[in-house]
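*Asks:* Sharing a model that was predicted from the sequence below.
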Amino acid sequence: MSGHGTPIPMTARSGHPLSGTANVPGDKSISHRSLILGALSVGETRVTGLLEGEDVLDTAEAMRAFGAQVERDGAAWVIHGVGVGGFREPEDVIDCGNSGTGVRLIMGCMATSPITATFTGDASLRSRPMGRVTDPLGLFGTQAFGRKGGRLPMTIVGAKDPVPVRYELPVPSAQVKSAILLAGLNAPGQTVVVEREATRDHTERMLRGFGAHVQVEDAPEGRVIILDGEPELRAQTIVVPRDPSSAAFPVCAGIIVPGSEVLVPNIGLNPTRAGLFATLREMGADLVFENMREEGGEPVADLRARFNGALKGVEVPPERAASMIDEYPILSVVAAFAEGPTVMRGVKELRVKESDRIDAMAKALRAAGVEVEEGPDWWIVHGRGADGVEGGVVAETRLDHRIAMSCLILGMAARKGMGVDDGSPIATSFPVFETLMGGLGASLSRE
Ligand SMILES: O=C(O)C1=C[C@@H](OP(=O)(O)O)[C@@H](O)[C@H](O)C1
Ligand SMILES: C=C(OP(=O)(O)O)C(=O)O
């Protein structure tokens, strides 16, 4: 599903308070991992609540190409896996579309099998760095042949005789960590990953759930994750929780659109994902966690967000970056409606996402009348207060779903609304965004 079809220009208008309940779709990270671990297990894995966004559907297609059966069965997805080491060689190129998570995790899980696969993606994914994954995979004995700069299309030749690996992550990345752990499944002995900063831990938790032995130790050098190789993974029944990164959009809209009150139920507050919500509360947002509970060993709450017109800029602690890495674009929008500057440091990873997200949002915000300063790994948004953002322009979304959704939310609160040149990337992670926001009362239209 490489590339998107015809661009879909969209416009958001202001003056429409939001109210009601927003049931956001399933978590993207957990959805990818459910399909991949299901494919690497023996038996039938059943998944409900799977995110049916393009990124995840591309991963489902890839798992079929490696030999697993993946079918939709009513509301559930059913996977008949081939077991660790059971992947067959795909007959064609694997197209991961727009998905960094998809391509990097799948490269990892085939890297220690004696097969070869070629990967590609859309123009955004073909511009993203893959060396961060293929360098550590090389330590297992895997070979990678890609374009200059370690870009897709890229052919991965799996290691015939993999050796276990110990690797310290040079960048805080759950995708790199996960690729190494998935490769370690088909290597003998123990594979060890050390991360200085904790990144989302879904792979570790889910591997345990599927029966692998994974130890996590806090050591002076960081979080040390030790996986015992060659386990037999057992098929599971999985209920995918709702995605906090998608919840961020109706929550932030509720906070900045005058007169709004929005309830976003059943959102996982795993500390490796919840940095945005802590930051919003520090900014003075009226954001309440209702009905706090535990589900599947994870903290879950219903989020109630209300407009109060009293946001102030904050300094976001750099050590919080990994726990809200996908939420900086929408945070920058909230920051535009606060009083004073919001300072975001330690965020150079934002420059290698679906787009350079600092550059994309800085240009959109400036065009909308907001002052933004930026450096290689930091940016500052100078807030203009609750009704101080002009808007009235069309932002470039650069094949980046989070930029598209962030700019549309900006338009719901800016005096003159806001357009985007292409809303089609939204379908990669949040295919029901338009209907869900419309159901809350937002005025969103396609041109
Ligand atoms: O592991 C994952 O599911 C993800 C990890 C993050 O990427 P990095 O590992 O590049 O930080 C995040 O941006 C992405 O949306 C999902
Ligand atoms: C960065 C993202 O995804 P991926 O890396 O999987 O393309 C995202 O969803 O914001």
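*Replies:* Good, I have the coordinates. Ligands and ions are numbered 1, 2, ... in the order given.

*Asks:* Please count neighbours and contacts with C-alpha atoms only from this point.
*Replies:* Fine.

*Asks:* residues from this protein in reach of ligand 1?
*Replies:* Within the chain, the residues that sit near ligand 1 (CA under 6 Å from any ligand atom) are 29, 101, 173, 174, 175, 176, 325, 326.

*Asks:* Who wins on neighbours among those?
*Replies:* Counting by other CA atoms under 10 Å, residue 176 has the largest number of neighbours within the residues of the chain next to ligand 1, with 26 neighbours.

*Asks:* Make sure I have this right: that residue is in a helix.
*Replies:* Yes. The assignment for residue 176 (DSSP: H, G, I helix; E, B strand; the rest coil) places it in a helix.

*Asks:* which one is it nearest to, not counting chain neighbours?
*Replies:* Of all residues not flanking residue 176 in the chain, residue 133 sits nearest, at 5.4 Å (CA to CA, 6 or more residues apart in numbering).

*Asks:* which SS class is that neighbour?
*Replies:* helix.

*Asks:* ok so, going back, can you lay out the residues of the chain next to ligand 1 as CSV showing distance to residue 362 and pLDDT?
*Replies:* Formatted as CSV, the residues of the chain next to ligand 1 follow (distance: CA to CA, whole Å; pLDDT from 0 to 100):
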residue, distance to residue 362, pLDDT
29, 27, 97
101, 25, 99
173, 24, 98
174, 26, 98
175, 26, 98
176, 27, 98
325, 16, 98
326, 16, 98
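
*Asks:* from memory residue 286 sits against residue 306, does it?
*Replies:* Yes. With contact defined as CA atoms under 8 Å, residue 286 and residue 306 form a contacting pair (5.4 Å).

*Asks:* out of those two, which sits in the more crowded spot?
*Replies:* residue 306 (24 against 18).

*Asks:* what about that one, distance to residue 280?
*Replies:* 12 Å (CA to CA, to the nearest Å).

*Asks:* try residue 394
*Replies:* 26 Å.

*Asks:* if we can go back for a sec, overlap of the contact sets of residue 306 and residue 280?
*Replies:* residue 287 (CA atoms under 8 Å, 6 or more residues apart in numbering).

*Asks:* In the stretch 251-400 of the chain, which residue sits closest to ligand 1?
*Replies:* Taking CA to the nearest ligand atom, ligand 1 has its nearest neighbour within the stretch 251-400 of the chain at residue 326, 5.2 Å off.

*Asks:* A helix includes that residue, no?
*Replies:* Yes. Residue 326 forms part of a helix when assessed by three-state DSSP.

*Asks:* how deep is the residue lying closest to it once chain neighbours are set aside tucked in, by neighbour count?
*Replies:* Closest residue to residue 326 apart from its sequence neighbours, by CA to CA, 6+ apart: residue 245 at 6.8 Å. Neighbourhood size, residue 245 [other CA under 10 Å]: 24.

*Asks:* Can you see whether the host helix or strand of residue 245 contacts ligand 2, counting any residue in it?
*Replies:* Assigned by DSSP states H and E, residue 245 belongs to helix 244-256. No. Helix 244-256 is not in contact with ligand 2 by CA under 6 Å from any ligand atom; minimum separation 8.0 Å.

*Asks:* and that helix, what other elements does it pack with?
*Replies:* strand 261-268, strand 298-306, helix 328-336, helix 401-413 (3 or more CA pairs under 8 Å, 6 or more residues apart in numbering; DSSP states H and E).

*Asks:* So for it, mean pLDDT?
*Replies:* Mean pLDDT, computed over helix 244-256, is 98.

*Asks:* tilt between that helix and helix 328-336?
*Replies:* Counting by axes from the mean of the first three to the mean of the last three CA atoms, to 10 degrees, helix 244-256 points 10 degrees away from the direction of helix 328-336.

*Asks:* So which bits of helix 244-256 are buried?
*Replies:* Under the neighbour-count criterion of 16 or more other CA atoms under 10 Å, helix 244-256 has 244-256 buried.

*Asks:* Ok, stretch 214-234 next?
*Replies:* 214, 223-234.

*Asks:* and of the residues you listed, the nearest to residue 312?
*Replies:* Nearest to residue 312 out of the buried residues of stretch 214-234 is residue 223 (CA to CA; 33.7 Å).

*Asks:* tell me the secondary structure for that closest one?
*Replies:* strand.

*Asks:* hmm, back to that, give the contact list for the residue nearest to residue 176.
*Replies:* Residue 133 sits next to 104, 108, 176, 179, 180 when contact means CA under 8 Å, 6+ apart.

*Asks:* what does residue 119 give?
*Replies:* Counted by CA under 8 Å, 6+ apart, residue 119 has contacts 93, 94, 95, 96, 103, 152, 153, 154, 155, 156.

*Asks:* Would you verify that the last one is located in a helix?
*Replies:* No. The assignment for residue 156 (three-state DSSP) gives strand, which keeps it out of a helix.

*Asks:* Helices of the stretch 151-300 of the chain, start to end?
*Replies:* 174-184, 202-209, 244-256, 275-282 (DSSP state H, counting those that start in this stretch).

*Asks:* out of the ones you listed, which comes closest to residue 22?
*Replies:* Closest to residue 22 of the helices of the stretch 151-300 of the chain is helix 244-256 (CA to CA; 7.0 Å).

*Asks:* Just the contacts of residue 119: which are in strands?
*Replies:* Among those, DSSP state E puts 94, 95, 152, 153, 154, 155, 156 in strands.

*Asks:* Please report how far the residue nearest to residue 176 lies from ligand 2.
*Replies:* 13 Å (CA to the nearest ligand atom, to the nearest Å).

*Asks:* pLDDT value on that residue, please?
*Replies:* pLDDT recorded at residue 133 is 98.

*Asks:* next one: the one 5 residues further on
*Replies:* Reading off the confidence values, residue 138 has pLDDT 98.

*Asks:* Per the annotation, how does the chain divide into domains?
*Replies:* 10-24+245-446, 28-229 (automatic domain parsing).
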